[in-house]
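> have a look; sequence and predicted model below, questions after that.
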Amino acid sequence: MFDKLRDMLAGVDADYADVRHEQMSETKIAFARKELTGLSASSTDGYVVRVLKNGGFSSVAFTSPDDATRAAATAAENAELIGRTIEKPVRLADTEVVKDEVRPELDEDPRKIAVDEKLELLRGYNDIPLENEKVATTAMGYADLVRNKWFLSTEGSEVYEELITVRVRGNITTKDGDLTQSVRVAFGGSDGFARLRGRDELVHERTGIAVDLLKAEPVTAGTYNAVLNYQLAGVFTHEAFGHFSEADLIEDSPTMRERMQIGAELGNTVLSIKDDPTVPHQLGHYRYDDEGVAARPTQLMKDGVLVGRLHSRRTAASFDEPLSGHCVAEDYRYAPIIRMGSIFIEPGERSLDDLLGQLGDGLYLINHMGGQTTGENFTFGAQYGFVVKGGKKERMVRDINISGNLYHTLKSIVAVGKDLTLNETGGCGKGQVNHRSCFGAPHVLVRDVVIGGK
């Protein structure tokens, strides 16, 4: 394959060029209640060529190798045209020339598991909640995604990497009269099919929560001190903070560049945040990004101080900051953009009981249910929570919305637990869908959280 990719770039008149080839296959299975609503297997492949010429940078995607010469020539022509009109010529940060092949360590390769076995595994998980009379319906899905990627550049880098993920994800909906409640269940990762086996206890637990929510009270609106679990704190870290750590989202905003200067004291001193795609077996794991740059742990915040950000080769040169290996494409149809890998709040030394004790009276909020960010402001839903009195969990509450400001909240995180957990499923919709983006956190204690409710 590398010989073929090398031939594709051989005649390109440019300062720099690269080409990425990707073969992608996916299996999907879906149930709605007892009905099997989907079972499909698909495979696709294609190419993206990128060209830098006279300060202009352009990319062209194509699916047939017969179109490679024309695609490369078109990219070069477009790059030259862009270079004539662009105010700030594109530069690419220097990176190590690498030649490597990366294959994941898998505990059961999903490619070797029969579709019948995948179907029966999912059916078994789907049947668990349906045994409860309070469960009105389920929507349960299985997916495995295999991506074989080749990258070659005119600088001499040649990288082959396999990325393989599996997941089960769905909703459990309970009903009592006119009241319905829905709870998500999700698990998976990048370390093989075995991760999906033996998860009955988790599905039973999520079913129990969905049933208990029928008896829970709507939360009373107000401002509370709150402990957030790993998923809710992780979503905040990804959505409200992480995107502002992506250099391409702030580079054209003087206001954001001023606020997000390296060295700015943005958070409480207990707060440190890192993005690390090299953490093995996690959803966000990879060794090389789609520019052939080795992924590396990137400290974004240390003791409340902004110390780093995520870069492509272009933005690293523009900002004059170190490469991070975080330029990733959704698939062969796209040129890569800056994406988070596995972003998380680093653990502290406190147990959950310690945090609840420090909380005293307030709320313990668990898991996320969608949300949005608008600039530095955010709104997230929590799946459920508990009223805490004297450091002890009491009654369950539901219908919880959390709103706040990024910078105020970073300063309001006053204690961090030691129980770091990375979410088993995730994703991100920035520009292109990224199925592999991962987030996590330990439990954290936050002051003055604005809660919408009754």
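Arrived safely, thanks for sending. Numbering: from 1, shown residues only.

> show me the helices in the stretch 251-400 of the chain, by range?
Shown for the stretch 251-400 of the chain, the helices assigned by DSSP state H, counting those that start in this stretch span residues 254-259, 313-319, 352-359.

> relative to residue 369, which of those helices is closest?
Judged by C-beta to C-beta, the one of these that comes nearest to residue 369 is helix 352-359, at 21.3 Å. All C-beta atoms are positioned from the backbone trio N, CA, C, and that covers glycine.

> just the CA coordinates for the closest one, please, in CSV.
This file holds the C-alpha atoms of helix 352-359, laid out as CSV (Å, rounded to 0.1, in the frame of the first residue of the first chain):
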residue,chain,number,x,y,z
LEU,A,352,-16.4,10.1,47.8
ASP,A,353,-17.4,9.9,51.5
ASP,A,354,-14.9,12.7,52.2
LEU,A,355,-16.4,14.9,49.5
LEU,A,356,-20.0,14.3,50.7
GLY,A,357,-18.9,15.1,54.2
GLN,A,358,-17.3,18.3,53.1
LEU,A,359,-20.4,19.1,51.1
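
> show me what it is packed against.
On a contact count with 3 or more C-beta pairs under 8 Å, 6 or more residues apart in numbering; DSSP states H and E, helix 352-359 meets strand 222-228, strand 413-416, strand 444-452.

> can you list the strands that the helix or strand of the chain with the lowest mean pLDDT pairs with?
Least confident element among the helices and strands of the chain, by mean pLDDT, DSSP states H and E: strand 362-374 (a mean of 90). Applying DSSP bridges, strand 362-374 is found paired with strand 222-228 (parallel), strand 377-389 (antiparallel).

> may I see those arranged in TSV, with mean neighbour count, mean pLDDT and distance to residue 158 as well?
Converted to TSV, the strands paired with strand 362-374 look like this (neighbours: other C-beta atoms under 10 Å; pLDDT from 0 to 100; distance: least, C-beta to C-beta, whole Å):
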stretch	mean neighbour count	mean pLDDT	distance to residue 158
strand 222-228	20	98	44
strand 377-389	20	95	42
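
> dump those strands to TSV, plus distance to residue 438.
Formatted as TSV, the entries for the strands paired with strand 362-374 read as follows, by distance: least, C-beta to C-beta, whole Å:
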stretch	distance to residue 438
strand 222-228	18
strand 377-389	18
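
> closest to residue 129 out of those?
strand 377-389 (15.3 Å).

> and the angle for the closest one with strand 444-452?
110 degrees (axes from the mean of the first three to the mean of the last three C-alpha atoms, to 10 degrees).

> just checking, residue 420 touches residue 440?
Yes. Proximity of residue 420 to residue 440 meets the contact threshold set by C-beta atoms under 8 Å, at 6.4 Å.

> just name the most buried of the helices of the stretch 251-400 of the chain.
For the helices of the stretch 251-400 of the chain, the stretch with the most neighbours on average is helix 313-319, a mean of 21; neighbours defined as mean count of other C-beta atoms under 10 Å.

> you'd agree residue 3 is in a helix?
Yes. Residue assignment for residue 3, taken from DSSP: H, G, I helix; E, B strand; the rest coil, places it within a helix.

> could you give the number of residues near it?
Other residues near residue 3 number 8, with proximity taken as other C-beta atoms under 10 Å.

> could you check the pLDDT of it?
If you check residue 3, the pLDDT there is 96.

> give me the most central residue, this protein.
residue 437 (2.1 Å; C-alpha atoms, centre = their mean).

> ok, back up a step: just put the helices of the stretch 251-400 of the chain in TSV and tack on mean pLDDT and distance to residue 133.
Compiled in TSV, the helices of the stretch 251-400 of the chain are given as follows (pLDDT from 0 to 100; distance: least, C-beta to C-beta, whole Å):
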stretch	mean pLDDT	distance to residue 133
helix 254-259	93	52
helix 313-319	98	55
helix 352-359	98	33
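
> domain ranges for this protein?
The record assigns the chain these domain ranges, following automatic domain parsing: 2-212, 217-452.

> and the residue nearest to residue 290 when sequence neighbours are not counted, how many neighbours?
Using C-beta to C-beta, 6 or more residues apart in numbering and skipping the chain neighbours, the partner closest in space to residue 290 is residue 336 (3.8 Å). The local packing count at residue 336 equals 22, with neighbours defined by other C-beta under 10 Å.

> quick revisit: what's the most buried one of the domains of the chain?
Neighbour counts averaged per stretch over the domains of the chain are highest for domain 217-452, at a mean of 20; criterion: mean count of other C-beta under 10 Å.

> any idea how far apart the tips of that domain sit?
Taking C-alpha to C-alpha, to the nearest Å, the span from the opening residue of domain 217-452 to its closing residue is 14 Å.

> do the same with stretch 244-259
The distance separating the two terminal residues of stretch 244-259, taken as C-alpha to C-alpha, comes to 10 Å.

> the chain should start at 327 in everything you say after this.
From this message on, residue numbering opens at 327, which makes the last subject stretch 570-585.

> contacts only, for residue 427.
Residue 427 makes contact with 485-487, according to C-beta atoms under 8 Å, 6 or more residues apart in numbering.

> same thing with residue 577?
With contacts defined as C-beta under 8 Å, 6+ apart, residue 577 is in contact with 583, 641, 644-645.

> ok, back up a step: my guess is the residue nearest to residue 616 meets residue 654, correct?
Yes. Residue 662 lies in contact with residue 654 (C-beta under 8 Å); the separation is 5.4 Å.

> any shared contact partners between those two?
615-616.

> which residues do residue 746 and residue 766 both contact?
By the contact definition C-beta under 8 Å, 6+ apart, residue 746 and residue 766 are jointly contacted by 556, 670-671.

> all strands for the stretch 477-626 of the chain, in order.
484-502, 505-515, 543-544, 548-554, 599-601, 624-628 (DSSP state E, counting those that start in this stretch).

> so which of these is nearest residue 721?
Closest approach to residue 721 among the strands of the stretch 477-626 of the chain is made by strand 543-544 (6.4 Å; C-beta to C-beta).

> about what we covered before: the shared contacts of residue 746 and residue 766 into a markdown table, with extra columns for distance to residue 635 and pLDDT?
Shown next, in a markdown table, are the shared contacts of residue 746 and residue 766 (distance: C-beta to C-beta, whole Å; pLDDT from 0 to 100):
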| residue | distance to residue 635 | pLDDT |
| --- | --- | --- |
| 556 | 23 | 96 |
| 670 | 16 | 97 |
| 671 | 17 | 98 |
